[in-house]
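Q: Dropping the sequence and predicted coords here.
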Amino acid sequence: MALKPGAEHAVAACARASRAMAVVSSSPESVIRHALASTGLDRSFDAVFSAEDDEHGKPHPGAYLRAAAALGASPDECIVIEDSLNGVLAGVSAQMTVVAVPEAADRCDPCFAIATLACVPRNSGAWRIESGV
């Protein structure tokens, strides 16, 4: 499984800052854990949450709110990094700071404008962060 450019760096930066981290995904937990193990990130996260365990799933904020509570954080202390619109909606609904990292096909979708920030690729392959998407 390939990581998005910058993903490994972002996880490492949060770990260096001693930040608690959780994965919150709509995928089944077995798929999440396999993906983390295959990319070597399985030891980087304090918790894994699958929205499949919530009654509503994303875009309902339940999985994000459970993750925040498990990490001992209030929603306003959390940063959500999301590539899906339903995930962005869930993070915003949870009243968390949301960084959108949409797939290439979705980068021009105006719906991602609800995110707090967006990561946009540069021609060089690096990413820049824009506010007020």
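A: Right, received. Where do you want to start? Numbering: from 1, shown residues only.
Q: Do you have the helices of the protein handy? List them.
A: 7-16, 29-39, 62-71, 85-93 (DSSP state H).
Q: Quick one, which of those gets closest to residue 109.
A: With respect to residue 109, and counting by CB to CB, the nearest of these is helix 85-93 at 7.0 Å. Where you see a C-beta, it was placed from the backbone N, CA and C, and this is true even at glycine.
Q: chain center to the closest one: distance?
A: Per CA atoms, centre = their mean, to the nearest Å, the displacement of helix 85-93 from the mean C-alpha position of its chain is 10 Å.
Q: list the buried ones in it?
A: Of the residues in helix 85-93, 85, 87, 88, 89, 90, 91, 92, 93 count as buried by neighbour count, 16 or more other CB atoms under 10 Å.
Q: will you turn the helices of the chain into a markdown table that also has distance to residue 115 and mean pLDDT?
A: Output for these, formatted as a markdown table (distance: least, CB to CB, whole Å; pLDDT from 0 to 100):
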| stretch | distance to residue 115 | mean pLDDT |
| --- | --- | --- |
| helix 7-16 | 15 | 86 |
| helix 29-39 | 22 | 94 |
| helix 62-71 | 14 | 95 |
| helix 85-93 | 5 | 95 |
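Q: Enumerate every residue touching the residue nearest in space to the middle of the chain.
A: In the chain, the residue lying closest to the centroid (CA atoms, centre = their mean) is residue 81, at 3.0 Å. When contacts are counted by CB atoms under 8 Å, 6 or more residues apart in numbering, residue 81 is found next to 10, 99, 101.
Q: Filter those down to just the buried residues.
A: 10, 99, 101.
Q: returning to that earlier point: show me what the residue nearest to the centre of the chain bridges to in the sheet.
A: Taking DSSP bridges as the rule, residue 81 bridges to residue 99.
Q: residues touching residue 34, list them.
A: By CB under 8 Å, 6+ apart, no residues touch residue 34.
Q: From residue 104, how far out is it?
A: Between residue 34 and residue 104 the computed distance is 24 Å (CB to CB, to the nearest Å).
Q: Residue 24 touches residue 63, doesn't it?
A: Yes: using CB atoms under 8 Å, residue 24 is in contact with residue 63, at 4.8 Å.
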